[in-house]
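Asks: Have a look at this fold, sequence not included:
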């Protein structure tokens, strides 16, 4: 019975497999997959940049030929802090690039879009009478409260 339902679902393109196919082909899932692949590749580039260019410069300042092998020994245990510094520098560079090239522009774009979405205030429908300071409609020629004549409102 269950195999008949599975086979019918496969033929019809519906059921669980149809939903799974629709889920996989959604734009968000594909975009996320592309973002992860590019992120991993970018992480590899930054790690190589830090390991091959940045840390040798730091090691040259400290007169150490290989920064990654720096460490200290405590009770015959070797603590390699050089590799940790490499990973920390890689993280900081990736975080800075993501912040300045992704987060900051998107935040600015969202703030701009929010300002554009805010409706402009409606034009005033009333004005003040210069004699009694009561509110009268814009198109009124006389004040309803003091009956003084009003000049036409400039356009």
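Replies: Sure thing, it's come through. For clarity, every value in this text was computed on a predicted model and none was experimentally measured. Numbers count the residues shown, from 1 in each chain.
Asks: Outline the domain layout of the protein.
Replies: Following automatic domain parsing, the chain resolves into domains at 2-117, 124-155.
Asks: what residue ranges in this structure score low on pLDDT?
Replies: The model of the chain has pLDDT under 70 over residues 1-14, 27, 62-68, 154-155.
Asks: the longest helix in it is where?
Replies: Secondary structure of the chain read by DSSP state H shows that its longest helix is helix 27-49.
Asks: What are the buried residues along that helix?
Replies: Under the neighbour-count criterion of 16 or more other CB atoms under 10 Å, helix 27-49 has 46, 47 buried. No exception for glycine: its C-beta is placed from N, CA and C like everyone else's.
Asks: Now do the helix or strand following that helix: distance to the chain's middle.
Replies: Note on helix 27-49: by DSSP states H and E, the next helix or strand toward the C-terminus is helix 55-61. Distance, stretch centre to chain centre, for helix 55-61: 34 Å (CA atoms, centre = their mean, to the nearest Å).
Asks: Start the count at 5 instead of 1 going forward.
Replies: Right, with 5 as the first residue, what we last looked at is helix 59-65.
Asks: what's the helix or strand that helix 59-65 is followed by packed up against?
Replies: Under the assignment DSSP H and E, the closest C-terminal helix or strand after helix 59-65 is strand 76-78. Applying 3 or more CB pairs under 8 Å, 6 or more residues apart in numbering; DSSP states H and E, one finds that strand 76-78 contacts strand 81-83.
Asks: Paired strands for the strand it packs on, with orientation please.
Replies: Strand pairing for strand 81-83, using DSSP bridges, gives strand 76-78 (antiparallel).
Asks: Show me what counts as buried in the partner strand.
Replies: Buried positions in strand 76-78, judged by neighbour count with 16+ other CB under 10 Å: none.
Asks: swap in stretch 146-157?
Replies: Neighbour-count burial for stretch 146-157 [16+ other CB under 10 Å]: 147, 154.
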